[in-house]
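K.L.:
Have a look at this fold, sequence not included:
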């Protein structure tokens, strides 16, 4: 970059160019979102099969959710370490998703203690909260829509039997995380190709 | 009456750096170098000028046994940038 006199219009152009460069740098791969989506869909469909066909896998399939936290944390740390800047919104999203994780843990604990069959309604309501907020913060429509779908399915689940609730739960995993994750992954790949 | 443009900011590389830093919480030196396509030496000099003006805060630390320089814009820097952009707008609207 040359150090020479430049006009006021050039200055504004330069400011816009730099701000756009930062925006383009802030592309998440969406791996964590995809992992979480696949897991919720898998656990929901396995539970649906358990209820529907009286099938016993021999363990609580929802324990897989806690196992998934390990790759989730791993990918998040790896992604953060490889990034050469910290965004303004990062602290907020960390708190939002931590609050979600704690709430899910408490609800799972409550569920294991009292065995409420209606808990799926509450789980889907919780799924909607961080998804909707994150989508809104980053103006990422697929997540905003995903959050709204979680809440709509949560309301529907009040009127449906337990096995159908599990299919609704799989639907919330699909719309809140798997589809947005795939979109993010495609965006990341597209940007990588453009930068080559 | 039009405001004078801040001479600290009215320099291509320093303005580019401040524009990048205003968009993030903090950034590594290497990130600033990549995005501005500048040399390490020139960027260091300009960052020091911004630091002396109180517009940028620089932290040096180690990450994975390698030195790392982190830069973040200060409140004074944000205020100066806002004044600069408003001054630019008033110049441009006069031209139009």
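P.N.:
Ah, there it is. As the structure is a computational prediction, the values presented were derived from the model and not from experiment. Numbers count the residues shown, from 1 in each chain, chains lettered A, B, ... in the order given.

K.L.:
where does residue A:77 land in three-state SS?
P.N.:
Under the three-state scheme (DSSP: H, G, I helix; E, B strand; the rest coil), the conformation of residue A:77 reads as helix.

K.L.:
chain center to stretch A:144-164: distance?
P.N.:
With C-alpha atoms, centre = their mean, to the nearest Å as the basis, the distance from the averaged C-alpha position of stretch A:144-164 to the chain average is 17 Å.

K.L.:
Let me fix that, I meant to ask about stretch A:12-19.
P.N.:
Relative to the chain's own centre, stretch A:12-19 is displaced by 31 Å; criterion: C-alpha atoms, centre = their mean.

K.L.:
which parts of it are buried?
P.N.:
Burial within stretch A:12-19, assessed by neighbour count using 16 or more other C-beta atoms under 10 Å in any protein chain shown, is assigned to A:12, A:14-15, A:18. (C-beta placed from N, C-alpha, C; glycine too.)

K.L.:
Mind listing residues that contact stretch A:185-196?
P.N.:
A:24, A:27-31, A:34 (C-beta atoms under 8 Å, 6 or more residues apart in numbering or on different chains).

K.L.:
related to what we said a few turns ago, looking at the buried residues of stretch A:12-19, which are in strands?
P.N.:
Cross-referencing those with the strands (criterion: DSSP state E) gives no overlap at all.

K.L.:
Specify the helix with the largest residue count in chain B.
P.N.:
Using DSSP state H to define each element, chain B has its longest helix at helix B:75-95.

K.L.:
neighbouring contacts of the helix or strand bottoming out on mean pLDDT in chain A?
P.N.:
Of all the helices and strands that make up chain A, the one with the lowest confidence by mean pLDDT, DSSP states H and E is helix A:63-82; it has a mean of 78. Surrounding helix A:63-82, the residues in contact under the criterion C-beta under 8 Å, 6+ apart are A:28-29, A:31-32, A:35-36, A:39-40, A:42-43, A:101, A:104, A:108.

K.L.:
so which of those residues comes closest to chain B?
P.N.:
For the contacts of helix A:63-82, the residue nearest chain B by C-beta to the nearest C-beta is residue A:28; the value is 14.8 Å.

K.L.:
For the closest one, which non-adjacent residue is spatially closest?
P.N.:
residue A:184 (5.7 Å; C-beta to C-beta, 6 or more residues apart in numbering or on different chains).

K.L.:
The one you found is in contact with residue A:30, isn't it?
P.N.:
Yes. Using C-beta atoms under 8 Å, residue A:184 is in contact with residue A:30, at 2.8 Å.

K.L.:
where are the low-confidence patches of the chain?
P.N.:
This is for chain A. In the predicted model, chain A carries pLDDT under 70 at residues A:1-5, A:195-196.

K.L.:
Can you look at chain B instead?
P.N.:
By pLDDT under 70, the low-scoring segments of chain B are B:1-3, B:94-96.
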